[in-house]
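Build me a structure from this.
(chains A and B)
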Amino acid sequence: MLRKPLFLAALLQLTLAFAPLEGGKYISRAVHVEFFSSTPAEDIRANNFAVTGTIDPATGEVVFSVPMQSFEFPIALMQKHFNGGDFLDTKTHPKAKFKGSLQNRAAVDFAKDGTYPATVVGEMTIKDKTNPVTATGTITVKGGTVSIDSKFPLTLADYGVSFAKGKPSTNIAKTVEVTVKGAFNQE
Amino acid sequence: MKPPLASDHTPVRTWLRRVIVAALVLIGIGGSYAYYLYSRPHRDVVATAAEEAVDAADLVNAFLTDEAGANARYLDAEGESKVLAVSGTVARVETDLNGQPVVLLLNDAMKAGVRCTFDPATAADATGLVAGQQVTLKGVIRAGAAYDADLEFYEHAVLEKCSIVQL
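Residues are numbered from 1 along each chain as shown, chains lettered A, B, ... in the order given. So this is what the prediction gives:
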């Protein structure tokens, strides 16, 4: 008579043992990345809504893969310059990559609704150049969805974006501001 | 009646006037051309005919088997990459953070799918699509499919400014 409940309890324990406490990676294939360049000559914004990213609650690893041709500019000519060989050469390097880790993982409870400050330190690879990047922002957990909101500066010269020729040097800021927003779910 | 001012018609003045007029015309042409380049609109992908028709699975495989070759074939150096008519099975319809519908073409036999973000002008058409439906969607390719070792999964190919070619 006691066997069945015991068996069920054992099964439950086994299930719990094999299911990692925090589950798998949180994934989004529609992260929004904006970059903003401000100079006295003009302000330029470009938006990308097709970035893929993962957040691993167990290790704190954060990864973003950015399809570079998805950046849209208000002016068609700017978009052509951005993609072209003098700037990001997106035909040869169609994706940029960020790989980092959440520094304060212990302070973020992915299982509990709330807003947590976050600092991610990692490496950004654009074209074939890799540089260290530190980004701060917030992680908001609500009903199983993890939302992020972060801003960080990016120095274009670090990625071999040349200012050797004419106009862009006066119209594009040396350091642009990158904003990242996304809603991640476990799949 | 005053006599006309003789100095107005000296050869030097006439020459100078011509040079100034020519310079102004050149500045005007140059400025207009610069403005023309600057203000030229984006390519209207919805109004552009597909350059190539391809099955979603074949497009994905082209990138998975030869990434460099597929990038060279489909992507453009200035970002005006190929406008493709891609046929496949609707797996789901989502909305991105820009409020645009995104149709994922994917079936069980494919390692990665094709994500098609609709254009504001065609967004309403996407709402009628349901999972399992066979469709042909047209859009500009932004990136191919790829396995990413850091993400630990296959990334879908990205098509944007999409519209429905055939239901």
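
May I have the secondary structure class of the residue sitting nearest the centre point of chain B?
By CA atoms, centre = their mean, the mean C-alpha position of chain B lies nearest to B:E80, the distance being 4.9 Å. Secondary structure of B:E80, reduced to three states by DSSP: H, G, I helix; E, B strand; the rest coil: coil.

ok, it - contacts?
Residues near B:E80 by CB atoms under 8 Å, 6 or more residues apart in numbering or on different chains: A:80, B:43, B:140. Quick note: C-beta positions are derived from backbone N, CA and C, even for glycine.

does B:A57 count as helix, strand or coil?
What three-state DSSP gives for B:A57 is helix.

Now it. Nearest residue, chain neighbours left out?
B:M110 (5.2 Å; CB to CB, 6 or more residues apart in numbering or on different chains).

pretty sure that neighbour is in a strand, no?
No. Note on B:M110: no strand contains this position according to three-state DSSP, which reports coil.

gap between it and A:V133?
In this view, B:M110 and A:V133 are 33 Å apart by CB to CB, to the nearest Å.

ditto for B:L151
Relative to A:V133, B:L151 is positioned 18 Å away (criterion: CB to CB).

domain parsing for chain B?
Following automatic domain parsing, chain B resolves into domains at B:6-39, B:52-166.

So what's the gap between stretch B:66-77 and the chain middle?
Its chain's C-alpha centre lies 16 Å from the corresponding centre of stretch B:66-77 when counted by CA atoms, centre = their mean, to the nearest Å.

wait, what's in contact with residue 154?
Assuming you mean chain A. Counting by CB under 8 Å, 6+ apart, the residues that A:L154 touches are A:35, A:124, A:133, A:175-178.

Oops, wrong one, chain B.
Contacts were defined as CB under 8 Å, 6+ apart; by that measure B:Y154 touches B:64, B:111-112, B:145-148.

any idea which element it lies in?
The secondary structure element spanning B:Y154 is strand B:153-155 (assigned by DSSP states H and E).

Tell me, how many residues neighbour A:A41?
Other residues lying near A:A41 total 11 when counted by other CB atoms under 10 Å in any protein chain shown.

Let me fix that, I meant to ask about A:N104.
Under the criterion other CB under 10 Å, the count of neighbours that A:N104 has is 13.

Repeat that for A:A107.
Under the criterion other CB under 10 Å, the count of neighbours that A:A107 has is 12.

Repeat that for B:D44.
Using other CB under 10 Å, B:D44 has 10 other residues around it.

For it, what are phi and psi?
In terms of degrees, to the nearest 10, the main-chain angles of B:D44 are phi -90, psi 90.

ok, now B:D119?
In this entry, B:D119 is assigned phi and psi values of phi -90, psi 150 (degrees, to the nearest 10).

I figured it was touching B:K161, is that so?
Yes. A contact is recorded between B:D119 and B:K161 when judged using CB atoms under 8 Å, the distance being 4.5 Å.

These two: who's more crowded?
Neighbours were tallied for B:D119 and for B:K161 using other CB under 10 Å; the higher tally belongs to B:K161 (24 against 19).

In terms of helices and strands, where is the residue positioned nearest the centre of chain A?
By CA atoms, centre = their mean, chain A has its centre lying nearest to A:F64, at 4.4 Å. Element membership for A:F64, per DSSP H and E: strand A:61-67.

Can you name every helix or strand that that strand contacts?
When contacts are defined as 3 or more CB pairs under 8 Å, 6 or more residues apart in numbering or on different chains; DSSP states H and E, strand A:61-67 packs onto strand A:26-38, strand A:43-55, strand A:95-102.

Run through the helices of chain B in chain order.
For chain B, the helices defined by DSSP state H occupy B:11-39, B:56-65, B:67-74, B:123-126.

what about B:L64, neighbour count?
Here the count is done by other CB under 10 Å, and B:L64 has 18 residues near it.

ok, now the one 10 residues further on?
Per other CB under 10 Å, the neighbour tally for B:Y74 reads 24.

State the pLDDT value of it.
Here the pLDDT value assigned to B:Y74 is 97.

Output stretch B:129-136 as PDB, restricted to C-alpha atoms.
In PDB, the C-alpha atoms belonging to stretch B:129-136 read as follows (Å, rounded to 0.1, in the frame of the first residue of the first chain):
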ATOM      1  CA  LEU B 129      -0.400  33.200 -42.100                       C
ATOM      2  CA  VAL B 130      -0.600  30.100 -40.000                       C
ATOM      3  CA  ALA B 131       1.800  27.400 -39.000                       C
ATOM      4  CA  GLY B 132       2.000  24.500 -41.500                       C
ATOM      5  CA  GLN B 133       1.100  26.700 -44.400                       C
ATOM      6  CA  GLN B 134       3.200  26.600 -47.600                       C
ATOM      7  CA  VAL B 135       4.200  30.100 -48.800                       C
ATOM      8  CA  THR B 136       6.600  32.000 -51.000                       C
END
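
That stretch vs chain A: in contact?
No. Contact of stretch B:129-136 with chain A (CB under 8 Å from any CB of the partner chain) is absent, the minimum separation being 15.9 Å.

tell me which residues of the longest strand anywhere in chain B are tucked away?
The strand spanning the most residues in chain B, taking DSSP state E as the definition, is strand B:83-95. Buried residues in strand B:83-95, defined by neighbour count with 16 or more other CB atoms under 10 Å in any protein chain shown: B:83-91, B:93.

Within the sheet, what are the partner strands of it, with directions?
Strands that pair with strand B:83-95, judged by DSSP bridges, come out as strand B:52-55 (parallel), strand B:101-105 (antiparallel), strand B:134-143 (antiparallel).
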